[in-house]
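A.B. asks: Output the structure for:
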Amino acid sequence: MTDAPLIAILDDEPEIRRLLSQALEQAGFRTQSFSRATEFEAALRRITPEACLIDLGLPDRDGLALVHRLATESGAAIIIISGRAQVQDRVTGLELGADDYIIKPFEPAEVVARIRARLRRPAQSPRSGATTLRFAGWTADFDRYSLTAPDGSETPLSHAEAEVLRMFTDNPRRLITRAQMLETLGGAAGDSFDRAMDVRISRLRTKLREDPKNPRLIKTIYGAGYIFLAEIQ
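C.D. replies: Below you'll find the predicted structure:
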């Protein structure tokens, strides 16, 4: 079990934490549970979870702000579990960097399935069998969730940004449609998915220092999708 993926659970309801821990451990995962954001954030200094289950209604911190920080600083998959069922809540959560959004009440088996779907995507590129790829002077390290610029400066990638970049580097100079994105990255079709993808691609362009008016690497083909124009090394 020591090699089993670690899942961090942050929810202020003891019964929710118990249900999730039980279901995940029965499925072969390790879990660590927290009732407050402060103890969760302190624990992140010594643990490296593969995925984080985050409730938005926390007693000591705004859950969405925490999701945004994790998406910026952590390589873990982020799944929101919340009683907030409004479409705008889901859209906001995805735009801030969450990989998935599950509404309470939920079936524990569904949570397990969604985590498995996220974690089964390999970190290495099927094109080269490598976890590190180079393009246009940049280096993407999918094990460390980092992006190194031509000048040597390093920028962290969120789990969601790394998935999008890996999709592009696996399919250089090919049109990638919204339907292909949905199939590759998973999620629910609709406006929330489209907006989340737009935000993630915008963040990725910013990290790649693209000119928003004339990007060189990630080109938008209006009405069709995107093309990644770099040669992969």
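
A.B. asks: What strand or helix carries I227?
C.D. replies: strand 225-228 (DSSP states H and E).

A.B. asks: Using PDB, write out the CA atom coordinates for that strand.
C.D. replies: What follows is strand 225-228, C-alpha atoms only, in PDB (Å, rounded to 0.1, in the frame of the first residue of the first chain):
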ATOM      1  CA  GLY A 225     -10.200  24.300 -32.500                       C
ATOM      2  CA  TYR A 226      -6.500  24.800 -31.800                       C
ATOM      3  CA  ILE A 227      -3.100  23.900 -33.500                       C
ATOM      4  CA  PHE A 228       0.200  23.600 -31.600                       C
END
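
A.B. asks: List the neighbours of it that are in contact with it.
C.D. replies: 168-169, 171-178, 180-181, 201, 217-221 (Cβ atoms under 8 Å, 6 or more residues apart in numbering). All C-beta spots, glycine's among them, are computed from the backbone N, C-alpha and C.

A.B. asks: let's see 6 Å
C.D. replies: Residues from elsewhere that reach strand 225-228 (Cβ atoms under 6 Å, 6 or more residues apart in numbering): F168, P172, L175, I176, T177, I218, K219, T220.

A.B. asks: quick check, the fourth one in a strand?
C.D. replies: Yes - membership of I176 in a strand is supported by DSSP: H, G, I helix; E, B strand; the rest coil.

A.B. asks: tell me which residues form a beta bridge with it?
C.D. replies: For I176, the beta-bridge partners under DSSP bridges are Y226.

A.B. asks: Contact partners for M181?
C.D. replies: Contacts of M181 (Cβ under 6 Å, 6+ apart): M197.

A.B. asks: separation between it and T72?
C.D. replies: M181 sits 22 Å away from T72, going by Cβ to Cβ, to the nearest Å.
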